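Asker: only the shape, not the letters, is given here:
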């Protein structure tokens with residue numbers, strides 16, 4: 001199976017995020033999926049050590065990076081996509097429904113500099129669209145529910161070669177012993193998420209699923225990020241065969257009502273809807289991220 005995609009995973013434990021380097025071994029053309037920017041929330045400082053690990057691996061393999069691919073605008077880490085683009089020239093791609101996410105959050109942060117029609121990104125993919133990664137075919141699958149813009153990337157073997165596809169599912173599915181992502185962010189929907197998961201689980205059972213986050217299911221000692229359709233259908237407690245849509249919606253809605261906001265929600269959303277660009281500098285030359293203030297009574301903020 002030398003013609004199949006070669007994949008290296010990079011786990012960022014501070015955010016429990018998995019970034020991927022995937023390439024066609026025949027042509028050495030590759031992509032970086034969901035790269036993480038090192039971010040210190042206490043000091044407001046950013047670094048690129050994690051992204052440099054990915055770039056170093058690409059250099060070791062002699063790869064040309066053709067794409068920086070986002071599965072969605074993440075709420076738990078800041079993206080390093082602009083840095084990867086600056087180093088490689090690779091365009092940044094995301095699903096076309098990022099426009100919906102931008103429309104939700106632009107007024108929340110008064111982010112008037114966000115470019116119209118998703119223009120901060122280089123490519124907005126449609127559901128069912130295909131593009132090439134060397135000799136590999138990549139299909140875009142719209143898998144909303146966690147956010148309106150979530151997509152998965154299905155990387156198929158070259159023509160005339162047999163074997164399983166590899167699907168990078170973002171936050172649509174977690175490991176088969178863990179479950180599913182929350183669906184209570186603005187624009188998210190548990191029913192839509194269930195249908196997106198079922199769409200992925202209708203793929204051939206041997207299809208390999210590459211997960212974007214892992215939190216170690218109870219009883220498991222190691223982080224993990226690779227599953228299959230068959231394993232998900234047999235074991236995923238939230239969406240395995242036999243779980244109905246109504247059961248999932250009831251569970252997911254109740255569960256999400258107990259969850260706190262992700263630690264990096266506010267900085268992540270502001271940066272990620274701009275394709276990793278930080279807000280423009282103020283008159284003093286400093287860039288700032290905003291924290292919207294809410295209070296139960298007006299007196300608390302007066």
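Answerer: It's in. A quick note: this is a predicted structure, and the numbers were derived from the prediction, not measured. Residues are numbered from 1 along each chain as shown.

Asker: which residues of the chain fall in helices?
Answerer: Along the chain, the segments classed as helices by DSSP state H run 49-61, 81-88, 98-105, 190-201, 229-235, 245-256, 265-272.

Asker: now tabulate those helices in TSV and tack on distance to residue 111 and mean neighbour count.
Answerer: No exception for glycine: its C-beta is placed from N, CA and C like everyone else's. Shown next, in TSV, are the helices of the chain (distance: least, C-beta to C-beta, whole Å; neighbours: other C-beta atoms under 10 Å):
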stretch	distance to residue 111	mean neighbour count
helix 49-61	24	16
helix 81-88	16	20
helix 98-105	7	20
helix 190-201	25	20
helix 229-235	36	17
helix 245-256	25	15
helix 265-272	7	22
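
Asker: can you lay out those as TSV showing mean pLDDT?
Answerer: TSV is the format used below for the helices of the chain (pLDDT from 0 to 100):
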stretch	mean pLDDT
helix 49-61	98
helix 81-88	98
helix 98-105	97
helix 190-201	98
helix 229-235	98
helix 245-256	98
helix 265-272	97
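
Asker: would you turn the ones you listed into CSV with distance to residue 42?
Answerer: Below are those laid out as CSV (distance: least, C-beta to C-beta, whole Å):
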stretch, distance to residue 42
helix 49-61, 17
helix 81-88, 21
helix 98-105, 23
helix 190-201, 33
helix 229-235, 37
helix 245-256, 27
helix 265-272, 12
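
Asker: closest one to residue 152 among those?
Answerer: Nearest to residue 152, of all these, is helix 190-201, at 6.4 Å by C-beta to C-beta.

Asker: so where is the stretch 51-200 of the chain shaky, pLDDT-wise?
Answerer: Applying pLDDT under 70 to the stretch 51-200 of the chain flags residues 160.

Asker: and the strands in it?
Answerer: Applying DSSP state E, counting those that start in this stretch to the stretch 51-200 of the chain gives strands spanning 64-69, 78-79, 92-95, 123-125, 130-133, 136-142, 151-156, 166-168.

Asker: quick one: residue 272 and residue 76 touch, right?
Answerer: No: using C-beta atoms under 8 Å, residue 272 is not in contact with residue 76; the gap is 10.0 Å.

Asker: residue 291 - nearest residue in space that isn't next to it in sequence?
Answerer: Of all residues not flanking residue 291 in the chain, residue 266 sits nearest, at 5.8 Å (C-beta to C-beta, 6 or more residues apart in numbering).

Asker: can you tell me which residues contact the one you found?
Answerer: By C-beta atoms under 8 Å, 6 or more residues apart in numbering, the contact set of residue 266 is 289, 290, 291, 292.

Asker: kindly reformat these as JSON lines containing distance to residue 47.
Answerer: Converted to JSON lines, these look like this (distance: C-beta to C-beta, whole Å):
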{"residue": "289", "distance to residue 47": "16"}
{"residue": "290", "distance to residue 47": "22"}
{"residue": "291", "distance to residue 47": "22"}
{"residue": "292", "distance to residue 47": "26"}
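
Asker: can you say which of these are buried?
Answerer: Buried positions within the contacts of residue 266, assessed by neighbour count (16 or more other C-beta atoms under 10 Å), are residue 289.

Asker: what about residue 69, how many residues nearby?
Answerer: The local packing of residue 69 (other C-beta atoms under 10 Å) involves 28 other residues.

Asker: how close does it sit to residue 87?
Answerer: Remark: distance between residue 69 and residue 87 (C-beta to C-beta, to the nearest Å) = 16 Å.

Asker: cool, and residue 230?
Answerer: Distance, residue 230 to residue 87, using C-beta to C-beta: 38 Å.

Asker: OK, contacts around residue 54?
Answerer: Counting by C-beta under 8 Å, 6+ apart, residue 54 touches 10, 19, 21, 32, 35, 84.

Asker: 7 Å - rerun?
Answerer: Residue 54 is in contact with 10, 19, 21, 32, 35, counting by C-beta atoms under 7 Å, 6 or more residues apart in numbering.

Asker: would you turn these into CSV with neighbour count and pLDDT?
Answerer: Output for these, formatted as CSV (neighbours: other C-beta atoms under 10 Å; pLDDT from 0 to 100):
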residue, neighbour count, pLDDT
10, 18, 98
19, 23, 98
21, 22, 98
32, 30, 98
35, 31, 98
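
Asker: tally of neighbours for the nearest residue in space to residue 125 that is not next to it in sequence?
Answerer: Distances taken as C-beta to C-beta, 6+ apart put residue 140 closest to residue 125, at 4.3 Å, once the chain neighbours are dropped. Neighbourhood size, residue 140 [other C-beta under 10 Å]: 21.

Asker: that concludes my questions; thank you for your assistance.
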